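Peer 1: Any chance you could fold what I've pasted below:
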Amino acid sequence: MEARCREGKTKDGLVGCEIMGKTVGIIGARAIGTRTAELCSAFGCKVLGYKRHLAGDEPSFIEFVSLDELLSRSDIVSLHCPLNDESRHLINRDTIAKMKKGAYLINAARGPVVDSAALAGALNNGYLSGAGIDVFETEPPLDLDHPLLKSKNTIVTPHMAFASVQSMDARAKIVFDNIKNWLEGCQTNIIL
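Peer 2: Got it, this is the predicted structure:
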């Protein structure tokens with residue numbers, strides 16, 4: 001629409017849809033997924049969530065269901081899960097077939113969580129209505145033959161959803177705090 005406006009055109013023929021009243025499925029309902037769910041709830045969405053292990057302190061605005069149920073009921077599926085052996089190609093031909101016809105997929109997790117060729121096929125044949133993709137199997141720049149660069153109704157961005165002045169400042173602070181703590185013999189954020 002922004003480009004059409006700059007070209008002296010109007011919105012004629014292009015009408016959007018409301019998010020209010022839609023069912024949004026969040027796969028990976030930890031910190032970022034839960035925050036996304038909170039925002040969707042504030043916009044009047046029914047929010048479904050899926051994560052491998054429930055801790056018992058999940059927020060009440062998310063209804064936790066099985067992955068299959070989430071896929072079949074959601075108008076929008078938003079990915080926020082980590083990449084591991086279980087999540088690699090979690091979204092593939094079989095799981096896409098379980099999604100509601102006309103649904104949208106957003107991948108803000110890791111690229112390999114989605115089988116890009118299968119997603120492009122579902123977009124091009126009209127089974128899915130659209131996709132928002134910020135992550136890919138490899139970091140951009142992408143090969144210009146990547147299937148999602150040519151698929152219908154797809155917004156692609158070059159792994160930038162995290163990139164803000166504030167997030168870069170926060171990342172630097174975490175690194176410096178980790179080094180300081182390690183030098184003082186009080187290691188934090190241990191991953192191994």
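
Peer 1: For this structure, which segments count as strands?
Peer 2: Assigned by DSSP state E, the strands in the chain fall at 23-27, 46-50, 63-64, 76-79, 104-107, 130-133, 154-156.

Peer 1: can you list contacts of stretch 29-37?
Peer 2: Contact partners of stretch 29-37, identified using C-beta atoms under 8 Å, 6 or more residues apart in numbering, comprise 24, 26-27, 47, 49-51, 58-59, 61-62, 64, 78, 80-81, 108. Quick note: C-beta positions are derived from backbone N, CA and C, even for glycine.

Peer 1: on that earlier part again, now mean neighbour count, distance to Arg6 and mean pLDDT too, for the strands of the chain, in TSV please.
Peer 2: Shown next, in TSV, are the strands of the chain (neighbours: other C-beta atoms under 10 Å; distance: least, C-beta to C-beta, whole Å; pLDDT from 0 to 100):
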stretch	mean neighbour count	distance to Arg6	mean pLDDT
strand 23-27	26	31	98
strand 46-50	22	36	98
strand 63-64	16	42	98
strand 76-79	24	28	98
strand 104-107	23	26	98
strand 130-133	20	22	97
strand 154-156	16	18	96
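
Peer 1: Sort out which residues of stretch 72-86 are buried, please.
Peer 2: Along stretch 72-86, these residues count as buried under the neighbour rule (16 or more other C-beta atoms under 10 Å): Arg73, Ser74, Asp75, Ile76, Val77, Ser78, Leu79, His80, Cys81.

Peer 1: where's the closest residue to the fifth one other than its chain neighbours relative to Ser167, distance?
Peer 2: On the basis of C-beta to C-beta, 6 or more residues apart in numbering, the spatially nearest residue to Val77 that is not a chain neighbour turns out to be Gly25, at 4.6 Å. In this structure, Gly25 and Ser167 are 25 Å apart, going by C-beta to C-beta, to the nearest Å.

Peer 1: Leu14 too?
Peer 2: 32 Å.

Peer 1: just Ala97 next, same as before
Peer 2: According to C-beta to C-beta, Ala97 stands 36 Å off from Ser167.

Peer 1: likewise Asn124?
Peer 2: Distance of Asn124 to Ser167, computed by C-beta to C-beta: 34 Å.

Peer 1: Please pull out the lowest mean pLDDT helix or strand from this protein.
Peer 2: Ranked by mean pLDDT, DSSP states H and E, the weakest helix or strand in the chain is helix 2-6, scoring a mean of 88.

Peer 1: Next, the buried residues of stretch 131-146.
Peer 2: Those would be Ala131, Gly132, Ile133, Asp134, Val135, Phe136, Leu142, His146, for stretch 131-146 by 16+ other C-beta under 10 Å.

Peer 1: Likewise for stretch 65-74?
Peer 2: Neighbour-count burial for stretch 65-74, counted by 16+ other C-beta under 10 Å, picks out Val65, Leu70, Leu71, Arg73, Ser74.
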